[in-house]
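Trainee: Just to be clear, the model below is a prediction. Sequence and coordinates:
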Amino acid sequence: MTLLDVRGLTVRTDDGRILVDDLSFTVAGGERLGLIGESGSGKSLTTLAVLGLLPDGMTSSGSVELAGTQMVGAAERSLTGVRGRDAAVVFQEPLTALDPLMRLGRQIAEPLARRTGLTGKHLRGAVHQALEQVRLPEPDRIARAFAHEVSGGQRQRVALAMALACEPKLLIADEPTTALDVSVQAEMLELIDGLVREREMAVLFVSHDLAVVSRVTDRVLVMKDGRAVEQGVVHDIVRAPRETYTRALVASARKLESALDLRSAP
Amino acid sequence: MTGTDLFTPTKRRSRRSVTLVVGCVLAGLIALLAAVSLFWLPYDADDTSGGRLAGPGDGHLLGTDKLGRDLFTQVMTGSRIAVEAGLGSVLIAAAVGITLGVLAAYAQGWIDDTLSAFLDILIAFPTLLLAMLIVAARSATLGSAVLAIGLAQSAVVARLVRILVKRVLAQDYITAARTSGTSWPRTVLSHVLPNIWPTLVVNLALQFGLAVLAEAGLSYLGLGAPPPNASWGRMLQEAQATFTTAPAGALAPGILLVLLVIGVNLIADGLRDTLDPATRRRRA
């Protein structure tokens, strides 16, 4: 079953620049697709266009069907129901993606309450559970804290808990580990991997890092300058990249990996 | 950021809360005078039995004015009028300003442009001229003065609110809230307003002080509350001619005016700090 069907998606600015150019891909239910490319290649815009949340001054055309709902050109009112229920997002920078003046527990409680209708003690229990699921120590303390009172890794776990609280069919992860310490990155990836597998959620994983993407996803779409360059199973792409750009990506990922190996070897 | 937090936290905070306390004491003193004046005054407002320009003492705490009216009575009534002028103006400025500001920030496009142009004109328009127009249309009352000041200030508040809302709307957490399916009205109530509130409250407190000064200025020119209600501005004007022989008539309202405005500004300064999330973290 196709969960997300993107066909001929084009994103333009008001002054006519084309930022995403005739992009097509699909994500089936429970499938994991990696979206990879250098910064400015249109990856993040694609995720926003999927949810109908493009910034002011940009318009999208083409077709984006998310769980059967057409997201391009749809009225804001009809999109509100789809967001969260069918897709939720974990953003790159958790500090700015969390409301600085709202306690973390309440930020998780909002989508939880909307989905489950729980209130009072039961809702607090559900928030506690949501925080435990992302393996946060002292969930009750964190629920009472503000975003600036916890560490970067903890913040990203809270953001993940928020996205999962929606129980979406599709989790969109937009560079979820880029802002984190290298040592925390691996943990975070493992956590996302495990939680998503348990829930049989589909994932659209956006990253500029081929090594990261290859750990979490089955298939990968390589983007450059707003266009799809190459698409296929991760394994094949890493082994035998067809396009020059993909070859360069793979080579640089290898180089980095071997540099890290050299450093950790002795 | 973190560096400062590490090295100066307690000192900074205690100094700021002192600011707030001193501000509250100063403004509270005037508010107390105003509150008492509602129930009790030493003399009637038009009681001229005291002898003209009497010095302090002898049944008149601050002496009397050139008509023999008790100065302390006038100062108390003046406090009430000053507090009323401040509150009234800020209420009008907040109600009109927040509505217009939020509207302009959300509407975008030509509505935003039109509103912004209108606000710019209103800001450039002298408060004095606005007050004269309103007084001409209505009459010289405290209400007219407050209306003029409130409307003039609402333009300033609206422009601030517009910028603040626009800035918050561009934040990731607004996008994050919307990706999880939060509706627009809900986003405004639970994310936008709380995040513009600290800055807004501080600005409104400053506007209160400015409104008190503006009212004193207008009533000095005879555009405020009519006699026999003494307002500080009119007291200053009436005592001007006799300042060298009987300075109490000008000093008393002058000093109270300064105390109230300083007090309110200190409160604004203290609020800025207690409401700032970056400093709030240490209390949580």
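Mentor: Yep, it's here.

Trainee: From here on, just use CA atoms for contacts and neighbour counts.
Mentor: Will do.

Trainee: where's the nearest residue to residue B:203 once chain neighbours are set aside, which helix or strand?
Mentor: Of all residues not flanking residue B:203 in the chain, residue B:268 sits nearest, at 7.3 Å (C-alpha to C-alpha, 6 or more residues apart in numbering or on different chains). If you go by DSSP states H and E, residue B:268 is part of helix B:248-275.

Trainee: Show me what that helix packs onto, helices and strands only.
Mentor: Using 3 or more C-alpha pairs under 8 Å, 6 or more residues apart in numbering or on different chains; DSSP states H and E as the contact criterion, the elements in contact with helix B:248-275 are helix B:9-39, helix B:71-107, helix B:193-220, helix B:232-239.

Trainee: Need those in CSV (columns: distance to residue B:151 and mean neighbour count).
Mentor: Shown next, in CSV, are these (distance: least, C-alpha to C-alpha, whole Å; neighbours: other C-alpha atoms under 10 Å in any protein chain shown):
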stretch, distance to residue B:151, mean neighbour count
helix B:9-39, 24, 17
helix B:71-107, 6, 23
helix B:193-220, 11, 22
helix B:232-239, 20, 23
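
Trainee: tell me the mean pLDDT over stretch A:96-103?
Mentor: Confidence for stretch A:96-103, expressed as mean pLDDT, is 88.

Trainee: same thing with stretch B:254-262?
Mentor: Per-residue scores along stretch B:254-262 average to 93.

Trainee: Not counting its own residues, what contacts it?
Mentor: B:23, B:26, B:27, B:30, B:79, B:209, B:210, B:212, B:213, B:232, B:236 (C-alpha atoms under 8 Å, 6 or more residues apart in numbering or on different chains).

Trainee: thinking again about what came up before, quick one: residues contacting the residue nearest to residue B:203.
Mentor: Applying C-alpha under 8 Å, 6+ apart, the residues near residue B:268 are B:20, B:201, B:202, B:203, B:205, B:206.

Trainee: Excluding covalently adjacent residues, which one is nearest to the third one?
Mentor: In this case it means residue B:202. The shortest distance from residue B:202 to any non-neighbouring residue, by C-alpha to C-alpha, 6+ apart, is to residue B:268 (4.9 Å).

Trainee: For the helix or strand harbouring residue A:198, which helices and strands make contact with it?
Mentor: Using DSSP H and E, residue A:198 falls within helix A:182-199. Helix A:182-199 makes packing contacts with helix A:152-165, helix A:210-216 when contacts are defined by 3+ C-alpha pairs under 8 Å, 6+ apart.

Trainee: Just put the contacts of stretch B:254-262 in CSV and tack on pLDDT and distance to residue A:5.
Mentor: Formatted as CSV, the contacts of stretch B:254-262 follow (pLDDT from 0 to 100; distance: C-alpha to C-alpha, whole Å):
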residue, pLDDT, distance to residue A:5
B:23, 91, 61
B:26, 92, 66
B:27, 92, 64
B:30, 91, 68
B:79, 92, 69
B:209, 93, 59
B:210, 93, 59
B:212, 92, 62
B:213, 92, 63
B:232, 88, 72
B:236, 87, 76
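
Trainee: Tell me the one of the residues you listed nearest residue A:74?
Mentor: residue B:210 (47.7 Å; C-alpha to C-alpha).

Trainee: give the contact list for that closest one.
Mentor: Residue B:210 makes contacts with B:86, B:261, as judged by C-alpha under 8 Å, 6+ apart.

Trainee: Chain A versus that one, what's the distance?
Mentor: For residue B:210, the distance to chain A equals 29 Å [C-alpha to the nearest C-alpha, to the nearest Å].
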